[in-house]
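J.: Sequence first, predicted coordinates after that:
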Amino acid sequence: MAIFSNLFSREKKDSLDKGLKKTQESFFGKLGKAIAGKSTVDDEVLDNLEEVLVASDVGINTTLKIIERIQQRVARDKYLGATELDQILKEEIAALLAENNTQDLADFETPEDKKPYVIMVVGVNGVGKTTTIGKLSAQFKNKGKSLVLGAADTFRAAAVDQLKLWGERVGVPVVAKGMNTDPSSVAFDAVKEGVDKGADIVIIDTAGRLHTKVNLMNELSKIKRVIQKVVPDGPHEVLLVLDGSTGQNAVIQAREFTKATEVTALAVTKLDGTAKGGVVIGISDEFKIPVKYIGVGEKVDDLQVFNKMEFVDSLFRKN
């Protein structure tokens, strides 16, 4: 697989830099205050840094890991100054992301030996789930992939209609039966149509909330079982969409959905409208589930394949 950074266009990098600008400005503003007047990385600087990381929604547990790493660096490299703290921090965050399951992908790709590649998309209402499916579909279509979409979020008429609109816009078929129909029936028909048409990818939209959490768990499990009647090893991917602008609420959502179903990949949206981009670091570290996509703007191409090194570079960019 190609190294994604070699393929990372200037346009995409500019979009990423712009999308993370609020987080970057907030983070470095607070970091500057944390080390103001300090020549060495002492306990006070570390305490201040801890506050900065928590305020940036990195999360307490991940913050403590980063602080411990920096303490070890300071103890080992006796002459580290406060002015070097941002570089040390950049290196340690990059190292932390590298140790998690988040891997740099080459592009919007799916395995050639799994056809159709079935993606089941989960997440609470309002996180940008259906929009993410639409943008994914557009980018896969641009790569020459054939798709079928399944409107299995049948508890909200708006979700079904929105997916249909994306289907028309992108030019991909949408299997829909309307509101209050059986979601698993929609999923079954969508996957069957994908198989019958020889589609490369089938993406199933699912409900973000039912009347009780137990019902949601049961519904997601039922949809998976029905998919497996058509594609025995499906779904190949369960993509959880999280709203990055909600900060630690996104972490709470991730905990709930990882209990409800086996999540295999994450998409973190709406990072351009928030200073809470640090949540990507915390989510990656806590759940050890690959962050596969991030949303950094409104345009279709602003849904990007996540590249941890490019993300850290943009987060620490000072211009």
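T.: Noted; the coordinates are in hand.
J.: Could you tell me the end-to-end distance of stretch 298-317?
T.: Taking CA to CA, to the nearest Å, stretch 298-317 runs 22 Å from one end to the other.
J.: Strands along the stretch 51-200 of the chain, start to end?
T.: 117-122, 147-152, 174-175 (DSSP state E, counting those that start in this stretch).
J.: Out of these, indicate the one that is most buried.
T.: strand 147-152 (a mean of 30; mean count of other CB atoms under 10 Å). Placement of C-beta: from N, CA and C, glycine included.
J.: Dump it to PDB, restricted to CA.
T.: Backbone C-alpha positions of strand 147-152 (Å, rounded to 0.1, in the frame of the first residue of the first chain) are rendered in PDB as follows:
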ATOM      1  CA  LEU A 147     -22.200   1.400  -4.800                       C
ATOM      2  CA  VAL A 148     -25.600   0.700  -3.400                       C
ATOM      3  CA  LEU A 149     -27.000   2.600  -0.300                       C
ATOM      4  CA  GLY A 150     -29.500   1.300   2.200                       C
ATOM      5  CA  ALA A 151     -31.700   3.700   4.000                       C
ATOM      6  CA  ALA A 152     -32.200   1.600   7.200                       C
END
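J.: still on that earlier bit, between the strands of the stretch 51-200 of the chain, which one is nearest to residue 37?
T.: Among the strands of the stretch 51-200 of the chain, the nearest to residue 37 by CB to CB is strand 117-122 (48.0 Å).
J.: Just the CA atoms of the closest one, as CSV, please.
T.: These are the backbone C-alpha positions of strand 117-122, laid out as CSV (Å, rounded to 0.1, in the frame of the first residue of the first chain):
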residue,chain,number,x,y,z
TYR,A,117,-17.6,-4.6,0.7
VAL,A,118,-20.4,-3.9,3.2
ILE,A,119,-20.2,-0.9,5.5
MET,A,120,-22.7,-0.5,8.3
VAL,A,121,-22.7,3.1,9.6
VAL,A,122,-23.8,3.8,13.2
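J.: That one packs against which elements?
T.: Judged by 3 or more CB pairs under 8 Å, 6 or more residues apart in numbering; DSSP states H and E, strand 117-122 is in contact with helix 129-142, helix 183-197, strand 201-206, helix 213-230, strand 237-243.
J.: How about residues contacting it?
T.: By CB atoms under 8 Å, 6 or more residues apart in numbering, the residues outside strand 117-122 that reach it are 110-111, 129, 132-133, 136, 187, 191, 194, 200-206, 208, 220, 223-224, 227, 231, 234-241, 257, 260-261, 263.
J.: sec struct for the residue nearest the centre of the chain, please.
T.: Closest residue to the average C-alpha location of the chain: residue 267 at 2.1 Å, with CA atoms, centre = their mean. Of the three states, residue 267 takes strand according to DSSP: H, G, I helix; E, B strand; the rest coil.
J.: What about the residue nearest to it when sequence neighbours are not counted? Give its phi and psi, please.
T.: Sequence neighbours aside, residue 293 is the residue nearest to residue 267 in space, at 4.1 Å (criterion: CB to CB, 6 or more residues apart in numbering). Dihedral pair for residue 293: phi -140, psi 150, per degrees, to the nearest 10.
J.: who's in contact with residue 293?
T.: 132, 136, 239, 265, 266, 267, 268, 303, 304, 305, 306.
J.: immediately after the helix or strand of the chain with the lowest mean pLDDT, which helix or strand?
T.: Ranking every helix and strand in the chain by mean pLDDT, DSSP states H and E puts helix 4-7 at the bottom, with a mean of 42. Going down the chain from helix 4-7, the next helix or strand is helix 10-19, by DSSP states H and E.
J.: Remind me what that following helix packs against, helices and strands.
T.: Counting contacts by 3+ CB pairs under 8 Å, 6+ apart, helix 10-19 is packed against strand 303-305, helix 308-315.
J.: domains of this protein?
T.: Here the domain parsing of the chain from automatic domain parsing is 10-99, 117-313.
J.: Need the mean per-residue confidence for the first one.
T.: For domain 10-99, mean pLDDT is 84.
J.: Could you do stretch 189-204 as well?
T.: On average, stretch 189-204 scores 97.
J.: Return the set of buried residues in that stretch.
T.: 189-195, 199-204 (16 or more other CB atoms under 10 Å).
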